[in-house]
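>>> sequence? don't have it. structure:
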């Protein structure tokens, strides 16, 4: 069963090449993306740093809101929108920074904010 999406949740692009020390427990979440289980952004940052790799952070905030009575379905749809709107398709991670359930005129909706992230060995972004 899918874990609840919350602040600090990390999604990884499928097919990302990582050393064994950075094999995250994950499950399929959206087409081409996996949800990291049992580890938030702080824990992922620590694990990546200990392995001698770098975890880049893109400053531009991504936001999506989706109406729906089923909160899990609305959240999944909002995350699909965030992935589609990522500024650079080269980033291989997405960090959820805020998840808020609200109502507008009695209709429930989910609003999600996130930042693009990127895991790589070298300290210069996109230099392999």
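Ah, there it is. Everything numeric here is computed off the predicted structure, so don't read it as measured data. Residues are numbered from 1 along each chain as shown.
>>> For stretch 15-28, list every residue counted as buried.
Residues of stretch 15-28 classed as buried by neighbour count (16 or more other CB atoms under 10 Å): 18, 22, 24, 26. (C-beta placed from N, C-alpha, C; glycine too.)
>>> just stretch 116-128 next, same as before
Applying a neighbour-count criterion of 16+ other CB under 10 Å, one finds 116, 117, 118, 119, 120 buried in stretch 116-128.
>>> From the residues you listed, which land in strands?
Assigned to strands by DSSP state E, the following of the buried residues of stretch 116-128 qualify: 116, 117, 118, 119, 120.
>>> will you turn the buried residues of stretch 15-28 into a markdown table that also has distance to residue 92?
Output for the buried residues of stretch 15-28, formatted as a markdown table (distance: CB to CB, whole Å):
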| residue | distance to residue 92 |
| --- | --- |
| 18 | 9 |
| 22 | 12 |
| 24 | 12 |
| 26 | 13 |
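>>> Closest one of these to residue 49?
Residue 49 has its nearest neighbour among these in residue 22, at 10.6 Å by CB to CB.
>>> Show the average pLDDT along the lengthiest helix in the chain.
Longest helix in the chain, counting residues (DSSP state H): helix 71-84. Per-region confidence: helix 71-84 scores 92 on mean pLDDT.
>>> just checking, what packs against it?
Contacts defined by 3 or more CB pairs under 8 Å, 6 or more residues apart in numbering; DSSP states H and E place helix 71-84 against strand 26-30, strand 54-67, strand 93-104, strand 107-120.
>>> Can you tell me which of these is packed in deepest?
Of those, the one with the most neighbours on average (mean count of other CB atoms under 10 Å) is strand 107-120, at a mean of 20.
>>> hang on, the earlier thing: make a markdown table from the ones in strands among the buried residues of stretch 116-128 and add pLDDT and distance to residue 40 to it.
Shown next, in a markdown table, are those (pLDDT from 0 to 100; distance: CB to CB, whole Å):
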| residue | pLDDT | distance to residue 40 |
| --- | --- | --- |
| 116 | 92 | 17 |
| 117 | 93 | 12 |
| 118 | 92 | 18 |
| 119 | 92 | 15 |
| 120 | 91 | 20 |
